[in-house]
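Trainee: what follows is a predicted protein model with its sequence.
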Amino acid sequence: MTDMTDRLAALAAGCPGTLAVCVPGVAGTVAGVNEDVELPLASTGKLLLLAAVAHGVTGGELDPDEPLDLLEDDYAAGSGLLTTLSARRWTIADLALLTASVSDNTATNALLRRLGPDRVDAVAGALGLTRTRIHDRIREPRLPEHPPAFATGTARDLAALANSLAGSLAGSLAGPPAGSPGAGEPWHRLMVGWMAHNTDRSLVPALLPHDAEDRRIPAEAVPYPMVWVANKTGTDTGTRADVGVLVGVRRTGYAVLAHGRAGSEHALVRAIRQAGLAIAAAVR
């Protein structure tokens, strides 16, 4: 992984801001740069919420079919569909899928209200995320009196979470369509299934050969040069981020966070895409 670390360090040096990357890889080997720098996460912070929901559903504490009525305070502009759809009642499973697939801000707020921040924090802590937390609900716009970021964290924390998801895919991977909720199902598989429905492949996977509509967790290795992707992206002013799972001949989790001044977003995207090419080496 030394060559990958050198390549990532070069990308970070040329990035107009901070590029933080962590790739746990195989056999505990870690490649990365700026892994422990705390950065705003934008919507990649929603992974903490999705983990808490997945734990609750698979542990039998949450009914995926429980209906939630959307409140006026839940509605938030920005990413998502619910602000333009007429239905006001959705199940927990629906809202989790909307959060993962189109990063729906309104769905996120409804789930945060249902679970509560303490429950989300408890799950994050139990998963070993020591420096990564959700600080507030989604707000559009975010005003000076609000917490400065929805969520902040480190690439190391998020990569460890993603790598635990990747590790859970080893062994027998065949089964029902990914993302089908139910008590007794491993929470990792449920969460990976939601992430597999993400419609945004514009960052880490953008330059990698993959089928963006392949939602089913692969039952075996994916032959070179193809990869399979399940990820969650984040987009905000001066922030681009991508955390996910890559499956090729091997599998790994990854986290790529980039933060710079407003107006630098296009350059941040270029750096993240180049990092994606480096990360792909870990699964080939």
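Mentor: Now that the structure is in, tell me what you want to look at.
Trainee: return the set of buried residues in stretch 12-20.
Mentor: Going by neighbour count (16 or more other CB atoms under 10 Å), the buried part of stretch 12-20 is 12, 15-17, 19-20. C-betas here are computed from N, CA, C, even on glycine.
Trainee: what's the helix ranked longest in the chain packed up against?
Mentor: With secondary structure taken from DSSP state H, the chain has its longest helix at helix 265-280. Packing partners of helix 265-280 (3 or more CB pairs under 8 Å, 6 or more residues apart in numbering; DSSP states H and E): helix 2-13, strand 17-23, strand 239-247, strand 251-260.
Trainee: check contacts around the nearest residue to A267 once chain neighbours are set aside.
Mentor: For A267, ignoring the flanking residues on the chain, the nearest one in space by CB to CB, 6 or more residues apart in numbering is P16 at 4.9 Å. P16 sits next to 260-261, 264, 267-268 when contact means CB atoms under 8 Å, 6 or more residues apart in numbering.
Trainee: neighbour-wise, which of the residues you listed leads?
Mentor: L268 (25 neighbours; other CB atoms under 10 Å).
Trainee: the stretch 101-250 of the chain: helices as residue ranges?
Mentor: Secondary structure of the stretch 101-250 of the chain by DSSP state H, counting those that start in this stretch: the helices cover 105-115, 117-126, 155-167, 187-196.
Trainee: identify whichever of those lies nearest to H146.
Mentor: helix 105-115 (13.3 Å; CB to CB).
Trainee: taking helix 117-126 as reference, get the angle to the closest one.
Mentor: Counting by axes from the mean of the first three to the mean of the last three CA atoms, to 10 degrees, helix 105-115 lies at 90 degrees to helix 117-126.
Trainee: chain center to helix 105-115: distance?
Mentor: Chain-centre distance of helix 105-115: 16 Å, with CA atoms, centre = their mean, to the nearest Å.
Trainee: which parts of stretch 229-245 are buried?
Mentor: 229-236, 238-245.
Trainee: I meant to write stretch 150-168 there.
Mentor: For stretch 150-168, by 16+ other CB under 10 Å, it's 150-168.
Trainee: just the CA trace of it, in CSV.
Mentor: This file holds the C-alpha atoms of stretch 150-168, laid out as CSV (Å, rounded to 0.1, in the frame of the first residue of the first chain):
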residue,chain,number,x,y,z
PHE,A,150,-24.4,19.1,10.0
ALA,A,151,-21.7,16.6,10.7
THR,A,152,-17.9,16.5,11.1
GLY,A,153,-15.4,13.6,11.2
THR,A,154,-12.3,11.9,10.0
ALA,A,155,-11.5,9.8,7.0
ARG,A,156,-10.0,7.1,9.4
ASP,A,157,-13.3,6.8,11.3
LEU,A,158,-15.4,6.6,8.2
ALA,A,159,-13.1,4.2,6.4
ALA,A,160,-13.2,1.9,9.4
LEU,A,161,-17.0,1.9,9.2
ALA,A,162,-16.9,1.3,5.5
ASN,A,163,-14.3,-1.5,5.8
SER,A,164,-16.5,-3.3,8.4
LEU,A,165,-19.2,-3.2,5.9
ALA,A,166,-16.9,-4.6,3.2
GLY,A,167,-15.6,-7.3,5.5
SER,A,168,-19.2,-8.4,6.3
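Trainee: OK, contacts around the residue most central in space within the chain?
Mentor: Closest to where the C-alpha atoms of the chain average out (CA atoms, centre = their mean) is K232, at 3.1 Å. For K232, the contact set (CB under 8 Å, 6+ apart) comprises 43-44, 46-47, 50, 100, 103, 195, 198, 242-244.
Trainee: what does D200 give?
Mentor: Applying CB under 8 Å, 6+ apart to D200 gives the contacts 103, 231, 233.
Trainee: try 6 Å
Mentor: T233 (CB atoms under 6 Å, 6 or more residues apart in numbering).
Trainee: where's it relative to G116, distance?
Mentor: Counting by CB to CB, to the nearest Å, the separation of D200 from G116 is 28 Å.
Trainee: test my guess that R7 contacts G276.
Mentor: No. In terms of CB atoms under 6 Å, R7 does not count as a neighbour of G276; the distance is 11.5 Å.
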